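Asker: Sequence and predicted model, in that order:
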Amino acid sequence: MQKMISFIDTLNGRSVIAKNQRYVLPKTGQEVFFDTYYSPLYSQIGEIVGGLVIARDISERRQAEEKLKHYQILCEHTCDIILFIRNDCQIIEANNAAIKAYGYSREELLSLKIQNLQVSQPRNY
């Protein structure tokens, strides 16, 4: 129903941006997502003669975002130390287990390079 309302708004002279619209493909039943832009088309004398619809398939991006959420949850709730390190050895992300084990605040840990990381005493967790 949202798709029809957006196009009717367009025919009434309003541009509409609809993000994250869910569609089910009729042949396959596959669920896909689009960001859609609806805009009226005007004649040379300024009358609305139709509408323009531009749709961008964002299904892969949404799937990647969902996977990322799962990895974030996994990283935050594991007891294993997880550090993300750039090619120049800079620590760019650390999970809670790493913060707890190394005894640094998140900000302190992210300001270090891996070779500067020191553990004064092993911690039990």
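Answerer: Thanks, I have it. Numbering: from 1, shown residues only.
Asker: what sits against the closest residue to residue 110 other than its chain neighbours?
Answerer: Using CB to CB, 6 or more residues apart in numbering and skipping the chain neighbours, the partner closest in space to residue 110 is residue 91 (5.7 Å). C-beta coordinates here come from the backbone N, C-alpha and C atoms, glycine included. Contacts of residue 91 were listed using CB atoms under 8 Å, 6 or more residues apart in numbering, and they are 83-85, 109-110, 112-114, 117.
Asker: Could you do residue 31 as well?
Answerer: By CB under 8 Å, 6+ apart, residue 31 lies in contact with 22-25, 59.
Asker: could I get the residues you listed as CSV with secondary structure and neighbour count?
Answerer: Output for the contacts of residue 31, formatted as CSV (DSSP: H, G, I helix; E, B strand; the rest coil; neighbours: other CB atoms under 10 Å):
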residue, secondary structure, neighbour count
22, strand, 11
23, strand, 15
24, strand, 9
25, coil, 9
59, helix, 14
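Asker: where does the protein dip in pLDDT?
Answerer: Applying pLDDT under 70 to the chain flags residues 1-6, 119-125.
Asker: phi, psi of the residue located most distally from the centre of it?
Answerer: Of all residues in the chain, residue 45 has its C-alpha farthest from the mean position, at 42.4 Å, by CA atoms, centre = their mean. As for residue 45, its main-chain torsions (degrees, to the nearest 10) stand at phi -100, psi 10.
Asker: List the buried residues in the helix or strand harbouring the residue nearest to residue 110.
Answerer: Assigned by DSSP states H and E, residue 91 belongs to strand 91-94. The neighbour-count check on strand 91-94 (16 or more other CB atoms under 10 Å) flags 91, 94 as buried.
Asker: Next SSE downstream of it?
Answerer: Downstream of strand 91-94, the next assigned helix or strand under DSSP H and E is helix 96-102.
Asker: Show me what that next one packs onto, helices and strands only.
Answerer: When contacts are defined as 3 or more CB pairs under 8 Å, 6 or more residues apart in numbering; DSSP states H and E, helix 96-102 packs onto helix 106-110.
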